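Trainee: Sequence isn't available, so here's the structure alone:
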Ligand SMILES: Nc1ncnc2c1ncn2[C@@H]1O[C@H](COP(=O)(O)OP(=O)(O)OP(=O)(O)O)[C@@H](O)[C@H]1O
Ligand SMILES: O=P(O)(O)OC[C@H]1O[C@H](OP(=O)(O)O)[C@H](O)[C@@H]1O
């Protein structure tokens with residue numbers, strides 16, 4: 001009997017909304033969940049999530065050899081989801097938290113089952129304040145990221161759970177835990 005594959009939990013939302021923070025805190029609170037380390041052409045040690053930093057040439061090679069389950073471009077960067085790691089983590093049975101682009105969610109839904117989308121939200125003022133405080137991007141890059149904030153999710157997604165992260169991170173983590181593991185009774 002094939003063992004159940006754990007769900008792919010796509011965490012999406014505007015830059016600065018707290019996707020990485022929520023994913024890290026949720027994985028710490030829920031041992032059944034794991035984080036997928038992405039391959040990104042971002043400079044190493046840019047802070048935030050743990051990722052494998054590669055050059056564009058290396059990324060291209062990995063893409064051509066089929067190393068990625070999915071890949072996309074955004075903010076002038078290339079992002080890849082390592083297929084072998086994702087499969088291994090799913091075989092371990094728990095859900096895998098993945099920071100996705102909203103642009104590839106339908107493609108992902110066709111690839112992965114079970115597939116759940118956590119749509120993380122926050123008010124525009126909160127977004128701007130958090131990008132400013134994080135100070136990972138330049139001011140102009142922050143403005144470009146804020147301009148993408150209102151990008152809608154595609155139609156046709158089967159399971160979307162909104163997680164409002166305008167308040168405390170703990171509150172967002174609890175909301176996510178309740179959504180994934182509803183309290184009995
Ligand atoms: N609930 C919260 N309350 C206060 N600060 C938060 C909260 N959630 C995240 N932050 C802070 O906001 C900033 C952005 O968070 P994070 O990097 O997790 O967002 P993100 O959605 O992953 O952004 P990006 O898509 O640009 O990587 C970080 O400095 C983080 O510490
Ligand atoms: O605006 P959309 O297309 O949803 O997402 C754009 C990019 O931002 C996030 O990555 P990161 O936060 O830059 O690491 C997403 O994973 C995607 O790569």
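Mentor: Good, I have the coordinates. Note that the coordinates shown come from a computational prediction; the quantities given were computed from them, not determined experimentally. Ligands and ions are numbered 1, 2, ... in the order given.

Trainee: Run through the residues of the protein sitting next to ligand 2.
Mentor: 12, 15, 74, 75, 79, 99, 100, 101, 102, 103, 148, 151 (Cβ under 6 Å from any ligand atom). All C-beta spots, glycine's among them, are computed from the backbone N, C-alpha and C.

Trainee: Generate a ChimeraX selection restricted to the buried subset of the residues you listed.
Mentor: Typed into ChimeraX, the line below selects the buried ones among the residues of the chain next to ligand 2, using 16 or more other Cβ atoms under 10 Å:
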select :12,15,79,99,100,101,102
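
Trainee: In strands, which of the residues of the chain next to ligand 2 fall?
Mentor: 12, 74, 79, 99 (DSSP state E).

Trainee: how close does the last one sit to residue 68?
Mentor: Okay, so that is residue 99. Counting by Cβ to Cβ, to the nearest Å, the separation of residue 99 from residue 68 is 14 Å.

Trainee: list the contacts for the residue nearest the centre of the chain?
Mentor: Centroid-nearest residue in the chain: residue 99, 1.1 Å away (criterion: Cα atoms, centre = their mean). By Cβ atoms under 8 Å, 6 or more residues apart in numbering, the contact list for residue 99 reads 11, 12, 19, 20, 23, 38, 49.

Trainee: can you list the residues you listed in a markdown table and add distance to residue 83?
Mentor: Formatted as a markdown table, the contacts of residue 99 follow (distance: Cβ to Cβ, whole Å):
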| residue | distance to residue 83 |
| --- | --- |
| 11 | 19 |
| 12 | 20 |
| 19 | 21 |
| 20 | 21 |
| 23 | 19 |
| 38 | 12 |
| 49 | 19 |
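
Trainee: These: which ones sit near ligand 1?
Mentor: Near ligand 1, by the rule Cβ under 6 Å from any ligand atom, you find 19, 20 out of these.

Trainee: Just name the lowest-scoring one in the contacts of residue 99, pLDDT-wise.
Mentor: Taken together, those show their lowest pLDDT at residue 49, with 87.

Trainee: Just confirm that one is within a strand.
Mentor: No - under DSSP: H, G, I helix; E, B strand; the rest coil, residue 49 sits outside any strand and is assigned coil.

Trainee: Buried residues in stretch 104-111, which are they?
Mentor: For stretch 104-111, by 16+ other Cβ under 10 Å, it's 104, 105, 108, 109.

Trainee: Which members of those are positioned in helices?
Mentor: 105, 108, 109 (DSSP state H).

Trainee: any idea how far the first one is from residue 88?
Mentor: Spelled out, it's residue 105. The gap separating residue 105 from residue 88 is 23 Å, by Cβ to Cβ.

Trainee: the helices in the protein, which residues?
Mentor: Under DSSP H, the chain gives helices at 19-29, 56-64, 83-91, 105-111, 124-134, 139-147, 169-180.
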